[in-house]
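Participant: predicted coordinates and the sequence they were generated for:
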Amino acid sequence: MSTLLNSAPKSALAGLAVTTLFFGMAVFAQVIAPYGMSDVVGSVWEPASSAHWLGTDNIGRDLFTRMLYGGRTTIFVATAATVLSFVAGSVLGFAAAVAGGWLDQLLSRSVDLVMSVPGLIFALVVLSVLPPSLPVLILVMAFLDSTRVYRLCRSVAGDIVVMDYIEVARLRSEGLGWTIFHEILPNAMSPLVAEFGMRFIFMVLYLSTLSFLGLGIQPPSTDWGAIVKENSDGLVYGIPAALAPAIAIAILAIAINLVADWVLSRTTSLKGGRA
Amino acid sequence: MHPVLKLLMQRMALGILLLIASSILIFCGTLVLPGDVAQAVLGQSATPEALANLRHDLGLDQSAVQRYFHWVNGILHGDFGKALSNGADISHSISLRLGNTLFLASWAAAISIPLAITLGILSVRFRNRWPDRVISIFALATTSVPEFILAYLVMFVVAVKWRWLPPVSLINDTMSVGEKLQATALPVLVLVLVVLAHMMRMTRAAILNVMESAYIETAVLKGLTGFQVILSHALPNVIAPIANVVILNLAYLVVGVVAVEVVFVYPGMGQYLVDHVSKRDVPVVQATGLIFSSVYILLNTMADLIGIISNPRLRNPK
């Protein structure tokens, strides 16, 4: 592990440090937060001061506190949705590649169909009849995203199933599950790890957009998208409170991009230039 | 039949099939419910009479299959039904707003496509030197934030700090094209930024892909300058992938427009959709959802068709 970190370029290390910091702040939000999440502690849109590091929000709550709790929701929902989407997408994608035949056709054509409708539009259609509760949001986001993961896993595994060691596993009459977890998964790990980072960022952007449109996280809970929505009226008067989540999302996105780039470039060099 | 014609027909048939399938998907999207639509629309406190009335209005007393065919039959005759929230005719509301959205999207396309290709060529010409680096940092930055945040950033800087343009884009029919352009300048700018990075990177990658070819080396060796090589030898050979990426980004524009319209309070299809999702107005959501995905499928099919036509290997089979 330590040699792995030593070989990493500085940009990837910086990305890793920032990502860890964000996740740490999300986990310990309750401990770090100087005030309660919905406590009104000042007047409306106070500028930044030593008492309120980022100033106050549209009804006088501490913006730094709101950002911590909002970040916790954003990161938790995005992580849950990404994990779910990866478990579903990769198992189905690998199964389709190994089994082939009708299972492959059925899954691939269903995925084509779901991907033919723009993701945000489909989410809006479903959310027009389902209540936007946490489990519903996570499931809808994971379902839509798992189609992308499926495509990636199907194509990565497609390259692996033609290898001799898969043939050997087949001749040993290993089961579908054993082949997926013992032969394919270890060999597909690097591109999947990089893709995991990219999909996570995509989930953060996606959830923020839904919340901003008023269809994601509902009050009294909050997330970064909802904080933009709450404070957007202030922008016209020159109050930049709504830009705080924007900067947080951008920093997190760039940090994870840097780490993902490094993981991908390692894979490429390991495979002799093949991406 | 000519093999290209056959491929084109197959691809168009697939497009129509996807269109039908997506209408079923959107219709079913509102069926996957723990309760029923009437309950969801009216809330828990609804009286049984109101529920029964709404169920009848929505045709919920019929089977799902019957309702689907009734819905599709109406759409084929230009009738999307009536909105639940205010009883307005959906076709009429859409006809007012679709034009506004297309206006916004086509201006964004008219600016971003030439700009993206020019920047892509520049970053190939100055590969790994500072213009290339500046362009790729800019691309990373604009793809790292969601559209609505990019919209607020642009609004904050251009409209509030510099006071160049109005922060919201209210338009009406009495405005001239010039006035409309000024009113929509900010959302157009945001949409350009949203699609620019991806198109530019793909253009760069496509050109770089052919720069290793032998004929490029020949062009360099006969003494052509950097730009001459790219413009007259590399570019003609990558028109197909670039056209493909351009159209895919137009399809992306159709979706990106939703959040941007909401930020700038622009009276287009996106805002119409979002407004009615929170009102749980199912017929409007289905109608707008279907239009958005039809445009999306249409553009994707077109990208495939261009890919087939522009491939000389397919056009002139042995």
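Facilitator: Okay, I see it.
Participant: which helix or strand contains A:Ala226?
Facilitator: Assigned by DSSP states H and E, A:Ala226 belongs to helix A:224-235.
Participant: what residues sit buried inside that helix?
Facilitator: Of the residues in helix A:224-235, A:224-232, A:234-235 count as buried by neighbour count, 16 or more other Cβ atoms under 10 Å in any protein chain shown. For every residue, glycine as well, the C-beta is placed using N, CA and C.
Participant: now the following helix or strand past that helix, how far from the chain's geometric center?
Facilitator: Proceeding N to C from helix A:224-235, the next assigned helix or strand is helix A:243-270, under DSSP H and E. Relative to its parent chain, helix A:243-270 has a centroid offset of 12 Å by Cα atoms, centre = their mean, to the nearest Å.
Participant: what's the residue nearest to B:Ile135 when sequence neighbours are not counted in contact with, if anything?
Facilitator: Here the nearest residue to B:Ile135 in space, its sequence neighbours aside, is B:Ser123; by Cβ to Cβ, 6 or more residues apart in numbering or on different chains that works out to 4.7 Å. B:Ser123 makes contact with B:131-132, B:135-136, B:200, B:204 under the criterion Cβ atoms under 8 Å, 6 or more residues apart in numbering or on different chains.
Participant: again, only this time at 7 Å
Facilitator: Contacts of B:Ser123 were listed using Cβ atoms under 7 Å, 6 or more residues apart in numbering or on different chains, and they are B:131-132, B:135, B:204.
Participant: what does A:Ala33 give?
Facilitator: A:Ala33 makes contacts with A:65, A:68-69, as judged by Cβ under 7 Å, 6+ apart.
Participant: closest residue of chain B to chain A?
Facilitator: The nearest approach of chain B to chain A comes at B:Ser144, 3.7 Å away (Cβ to the nearest Cβ).
Participant: contacting residues around that residue?
Facilitator: Here B:Ser144 is in contact with A:250, A:253-254, A:257 (Cβ under 7 Å, 6+ apart).
Participant: tell me the one of these nearest chain B?
Facilitator: A:Ala253 (3.7 Å).
Participant: and the closest one, how many residues sit next to it?
Facilitator: Other residues lying near A:Ala253 total 23 when counted by other Cβ atoms under 10 Å in any protein chain shown.
Participant: for B:Ile137, see how far away the nearest residue to it once chain neighbours are set aside is.
Facilitator: The shortest distance from A:Ala253 to any residue other than its chain neighbours is 3.7 Å, reached at B:Ser144 (Cβ to Cβ, 6+ apart). Per Cβ to Cβ, to the nearest Å, B:Ser144 is found 11 Å from B:Ile137.
Participant: any residues in contact with both of the two?
Facilitator: What both B:Ser144 and B:Ile137 touch, as defined by Cβ under 7 Å, 6+ apart, is an empty set.
Participant: and stretch A:204-222, how far from the chain's centre?
Facilitator: How far stretch A:204-222 lies from its chain's middle: 14 Å, per Cα atoms, centre = their mean.
Participant: next SSE downstream of the helix or strand where B:Ile306 lies?
Facilitator: Using DSSP H and E, B:Ile306 maps to helix B:282-309. Later in the chain than helix B:282-309, the nearest helix or strand by DSSP H and E is helix B:312-315.
Participant: what number of residues lie near A:Leu124?
Facilitator: A:Leu124 is flanked by 26 other residues according to other Cβ under 10 Å.
Participant: return the distance of it relative to A:Arg199.
Facilitator: Distance, A:Leu124 to A:Arg199, by Cβ to Cβ: 20 Å.
Participant: which helix runs longest in the chain?
Facilitator: Answering for chain A, as no chain was given. Counting residues, the longest helix found in chain A (DSSP state H) is helix A:63-99.
Participant: please go with chain B instead
Facilitator: Longest helix in chain B, counting residues (DSSP H): helix B:90-125.
Participant: chain center to that helix: distance?
Facilitator: 9 Å.
Participant: tell me the angle of that helix relative to helix B:282-309?
Facilitator: Here the directions of helix B:90-125 and helix B:282-309 differ by 40 degrees (axes from the mean of the first three to the mean of the last three Cα atoms, to 10 degrees).
Participant: what mean pLDDT does helix B:90-125 get?
Facilitator: Mean pLDDT, computed over helix B:90-125, is 87.
Participant: contacts for the helix or strand following it, please.
Facilitator: Next along the chain after helix B:90-125, taking DSSP H and E as the criterion, comes helix B:130-143. Under the criterion Cβ under 7 Å, 6+ apart, residues A:254, A:257, B:119, B:122-123, B:126, B:150, B:193, B:196-198, B:200-201 lie in contact with helix B:130-143.
Participant: can you put those in CSV and add distance to A:Leu171?
Facilitator: Shown next, in CSV, are the contacts of helix B:130-143 (distance: Cβ to Cβ, whole Å):
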residue, distance to A:Leu171
A:Ile254, 47
A:Asn257, 42
B:Leu119, 53
B:Leu122, 55
B:Ser123, 50
B:Phe126, 54
B:Leu150, 54
B:Leu193, 55
B:Leu196, 52
B:Ala197, 48
B:His198, 45
B:Met200, 49
B:Arg201, 44
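Participant: who in the stretch 1-150 of chain B is up against chain A?
Facilitator: Within the stretch 1-150 of chain B, the positions adjacent to chain A are B:18, B:21-22, B:25-26, B:29-30, B:33, B:37, B:40, B:140, B:144-146, B:148-149 by Cβ under 7 Å from any Cβ of the partner chain.
Participant: so which of the residues you listed sit within helices?
Facilitator: Of the residues of the stretch 1-150 of chain B next to chain A, the ones assigned to helices by DSSP H are B:18, B:21-22, B:25-26, B:29, B:37, B:40, B:140, B:148-149.
Participant: burial of B:Val134, as a residue count?
Facilitator: Neighbour tally, B:Val134, other Cβ under 10 Å: 13.
Participant: just the buried ones from the residues of the stretch 1-150 of chain B next to chain A?
Facilitator: Using 16+ other Cβ under 10 Å, the buried members of the residues of the stretch 1-150 of chain B next to chain A are B:18, B:21-22, B:25-26, B:29-30, B:37, B:40, B:140, B:144-146, B:148-149.
Participant: what's the separation between the residue nearest the centre of chain B and B:Thr101?
Facilitator: In chain B, the centroid-proximal residue (Cα atoms, centre = their mean) is B:Val254; its distance is 2.0 Å. Separation of B:Val254 from B:Thr101 (Cβ to Cβ): 8 Å.
Participant: quick check on the residue lying farthest from the centre of chain B: phi, psi?
Facilitator: Relative to the centre of chain B, and counting by Cα atoms, centre = their mean, the farthest-placed residue is B:Lys222 at 43.4 Å. Main-chain dihedrals, B:Lys222, degrees, to the nearest 10: phi -80, psi 10.
Participant: over to A:Val40?
Facilitator: phi -80, psi 120.
Participant: nearest spatial neighbour of it, skipping sequence neighbours?
Facilitator: Distances taken as Cβ to Cβ, 6+ apart place A:Gly60 nearest to A:Val40, at 4.5 Å, with adjacent residues excluded.
Participant: quick one, what contacts the one you found?
Facilitator: Contacts of A:Gly60 (Cβ under 7 Å, 6+ apart): A:40-44.
Participant: ok so, going back, so which of the buried residues of helix A:224-235 is the closest to chain B?
Facilitator: Of the buried residues of helix A:224-235, the one sitting nearest to chain B (Cβ to the nearest Cβ) turns out to be A:Leu235, at 5.2 Å.
Participant: now do the contacts for that closest one.
Facilitator: So A:Leu235 contacts A:242, B:152, B:155-156, B:160 (Cβ under 7 Å, 6+ apart).
Participant: circling back to that earlier point, now do the contacts for the residue nearest to the centre of chain B.
Facilitator: Residues in contact with B:Val254 (Cβ under 7 Å, 6+ apart) are B:105, B:292, B:295-296.
Participant: quick check: next helix or strand after the helix or strand harbouring it?
Facilitator: Assigned by DSSP H and E, B:Val254 falls within helix B:239-263. On the C-terminal side of helix B:239-263, the nearest following helix or strand under DSSP H and E is helix B:269-278.
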